[in-house]
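**Student:** Need the 3D shape of this:
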Amino acid sequence: MAPDTVSPKSDSNDLTLRWSGRVSLTRRILAVNIFALLLLAGGFFYLDSYRARILDNRTQQAMQEAKLIAEALGVVPPDQRAQLIRQLARDTGTRLRLYSPSGALLADSRLLGERNFRLRDPDKDGAGQRIARFLDAGIDTVVGAKRPPLYREKASGHRWTDVRTALVGYPSATVWRAPDRTPVITAAAKITGGQAAIMTTVNARDITQTVRVERFRLSVVLLVVTLVSVFLSLFLARTIVRPLRRLARAAVRVRLGRAREVVVPRLPERKDEIGLLARALSDMSLALRARIDATEAFAADVTHELKNPLASLRSAVDGLGSVHDPALQERLLSIVRDDIHRLDRLISDISDASRIDAQLSRAKFEIVDAAAMLRGILMQREERGIERGVRLRFDQEEGGSLLVSGEGARLERVFENLIDNAVSFSPDDGLVSIAALARDDKLELRFEDEGPGVPEEAREAIFRRFHSVRPSNEGFGRHSGLGLAIARTIVEAHGGSIHVESREDRLSGARFLVHLPLISRP
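**Tutor:** Numbering: from 1, shown residues only. You can find the predicted model right below:
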């Protein structure tokens, strides 16, 4: 397809999207339900066919009556026909007229005293009848019903189509329209053994009445169904649109930077998809608020941590200009070097800590053998040599490898940070024990030292950023206070947890416990 060619299907989809984008959800729900009701309103078309079938049957019936009356008149003498016509008119409820072959009126039941055929004057009808006729006309126009000719009296029999057709030997019937829109049926047949024709005329108001009754019933049903449908549509729109509008307003306020003062409704009573959406948006806003707070707190902590070495560096640099003692100058230069090294390490750790969340969200996890990784880390440390004669021991539960899902480089950093922390707190010639155990569906890693331990009130604080409690024999500024905070971030990103406790087997010492989801226990 050429680049500038647009398929009809894409045009239809674009039109649908443009329409749905401009019309509110409430109106769309109403439109769909009203469309279904319009299909029900198609029952009025059925009423027209129903009326046509009744008229066809009554027309055939009128024709049969005309033939029977013609046969009855054919067996009586001509001088007795008037009396029989009057009797038959009374029995059938129709107007009977006898016409000669020339079209002259020979007998009329109305003139004989049987006034059973009478057209209603529409101008004398009440309001109800006028409304009914108006509805008849309107519905006939909508459904495209065929309009019969207006019934009018004729002076000669030859002016009646039915009489002309009957005189040549073919019974005939015609439907007319009375002034009040009710049907008038005329039928004619040739008298057996004679030349005259008999014509019957009846005003079939009962057909119109029957159709109006059925139309009234259908209208009542349609009205009730419409009210119920509109009510249910509004109820459905209220249960859908109203909470969506509340969620949209809350989302707009969050977008405008008012996350702290916005409470996204959770809709706990809703157990449907809207409730799930509300709780998801609420959790998202809470996570966004927590992320914003953490970012602001981190920025404040970074500012505070950078000020200390900068202040020390400024003081040392200012002192170099006024000090002439070489020994004192060397001490000041040593402070400058330490502060520069501290700033470099602090900036590196801050940069790593600020990127770690984003990197972990994009990381592709793979299967990692945690036990093999720990053995490799300990082997490298022993090859490099461990300060102060600290010994490392690794214990693994028998049974093979311990597999977890994660990013190997990040998990390796967690293990190295915890080993560094244990070594730094261990006394000279102390023992650092690392153990890997499987506990149900969790991998438990233990990092134990023989140091002073962590006070109970500080066990949570040590995982906060820039919080550092170091041994007294360690040089100032060698740690940024971000190691354990980064370790917790990595572990929690892997679906695990990390905490510290005291060792039950010793009077002193700390035990760091790391729990990670275990893929399979060999």
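**Student:** all helices for the stretch 101-250 of the chain, in order.
**Tutor:** Assigned by DSSP state H, counting those that start in this stretch, the stretch 101-250 of the chain shows helices spanning 127-143, 161-167, 205-255.
**Student:** Most tightly packed of the ones you listed?
**Tutor:** Of all these, helix 161-167 carries the top mean neighbour count, a mean of 21, counting by mean count of other CB atoms under 10 Å. Backbone N, C-alpha and C define where each C-beta goes, glycine included.
**Student:** I figured residue 320 was touching residue 329, is that so?
**Tutor:** Yes: the criterion here is CB atoms under 8 Å, and residue 320 meets it with residue 329 at 6.3 Å.
**Student:** picking that back up, including distance to residue 416 and mean pLDDT, could the helices of the stretch 101-250 of the chain go into CSV?
**Tutor:** Formatted as CSV, those follow (distance: least, CB to CB, whole Å; pLDDT from 0 to 100):
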stretch, distance to residue 416, mean pLDDT
helix 127-143, 84, 76
helix 161-167, 111, 93
helix 205-255, 39, 80
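**Student:** Mind listing the residues bridging to residue 98?
**Tutor:** residue 107, residue 198 (DSSP bridges).
**Student:** how deep is it tucked in, by neighbour count?
**Tutor:** 24 (other CB atoms under 10 Å).
**Student:** give the contact list for it.
**Tutor:** Residues near residue 98 by CB atoms under 8 Å, 6 or more residues apart in numbering: 73, 81, 85, 105-108, 191, 196-199.
**Student:** out of those, who's nearest residue 446?
**Tutor:** Using CB to CB, residue 199 comes nearest to residue 446 of the contacts of residue 98, at 115.6 Å.
**Student:** Could you report the pLDDT at the residue lying closest to that closest one once chain neighbours are set aside?
**Tutor:** Setting aside the residues directly before and after it, residue 199 is nearest to residue 188 in space (CB to CB, 6 or more residues apart in numbering), at 4.2 Å. In this prediction, residue 188 carries a pLDDT score of 95.
**Student:** Against residue 167, how distant is residue 188?
**Tutor:** 8 Å (CB to CB, to the nearest Å).
**Student:** same deal with residue 61?
**Tutor:** To residue 167, residue 61 is 22 Å away according to CB to CB.
**Student:** ok, now residue 491?
**Tutor:** In terms of CB to CB, residue 491 sits 110 Å off from residue 167.
**Student:** before we move on, back to that, next, format the helices of the stretch 101-250 of the chain as TSV and append distance to residue 174.
**Tutor:** What follows is those, written out as TSV (distance: least, CB to CB, whole Å):
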stretch	distance to residue 174
helix 127-143	19
helix 161-167	5
helix 205-255	15
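**Student:** got the contact list for residue 270?
**Tutor:** Contacts of residue 270 by CB under 8 Å, 6+ apart are 243, 278.
**Student:** sec struct for it, please.
**Tutor:** Following DSSP: H, G, I helix; E, B strand; the rest coil, residue 270 is assigned to coil.
**Student:** pLDDT score for residue 197?
**Tutor:** What the model reports for residue 197 is a pLDDT of 94.
**Student:** what residues are up against residue 169?
**Tutor:** Residue 169 touches residue 190, counting by CB under 8 Å, 6+ apart.
**Student:** Got phi/psi on it?
**Tutor:** Recorded main-chain torsions at residue 169 are phi 100, psi 10, according to degrees, to the nearest 10.
**Student:** surely the residue nearest to residue 199 meets residue 158?
**Tutor:** No: Residue 188 is not in contact with residue 158 according to CB under 8 Å; the separation is 11.6 Å.
**Student:** what about the two, which has more around it?
**Tutor:** residue 188 (30 against 15).
**Student:** That one pairs with what?
**Tutor:** Taking DSSP bridges as the rule, residue 188 bridges to residue 172, residue 199.
**Student:** re the thing from before, and of the helices of the stretch 101-250 of the chain, who's closest to residue 380?
**Tutor:** helix 205-255 (47.6 Å).
**Student:** Quick one: list the elements packing against the closest one.
**Tutor:** helix 25-41, helix 43-74, helix 127-143, helix 273-320 (3 or more CB pairs under 8 Å, 6 or more residues apart in numbering; DSSP states H and E).
**Student:** could you redo the last one with a cut-off of 10 Å?
**Tutor:** helix 25-41, helix 43-74, helix 127-143, strand 183-190, helix 273-320 (3 or more CB pairs under 10 Å, 6 or more residues apart in numbering; DSSP states H and E).
**Student:** Next, the angle helix 205-255 makes with the last one.
**Tutor:** Between the axes of helix 273-320 and helix 205-255, defined by axes from the mean of the first three to the mean of the last three CA atoms, to 10 degrees, the angle is 10 degrees.
**Student:** how about low-confidence regions in the stretch 301-450 of the chain?
**Tutor:** Applying pLDDT under 70 to the stretch 301-450 of the chain picks out residues 301-302, 304-306, 308, 345-346, 349-361, 398-401.
**Student:** residue furthest from the geometric center of the protein?
**Tutor:** residue 79 (86.0 Å; CA atoms, centre = their mean).
**Student:** and the gap between that one and residue 167?
**Tutor:** Taking CB to CB, one finds residue 79 at 22 Å from residue 167.
**Student:** Please pull up the helix or strand immediately following the helix or strand hosting residue 328.
**Tutor:** Per DSSP states H and E: residue 328 is located in helix 326-362. Using DSSP H and E, the next helix or strand after helix 326-362 towards the C-terminus is strand 366-369.
**Student:** With that, I have no additional questions.
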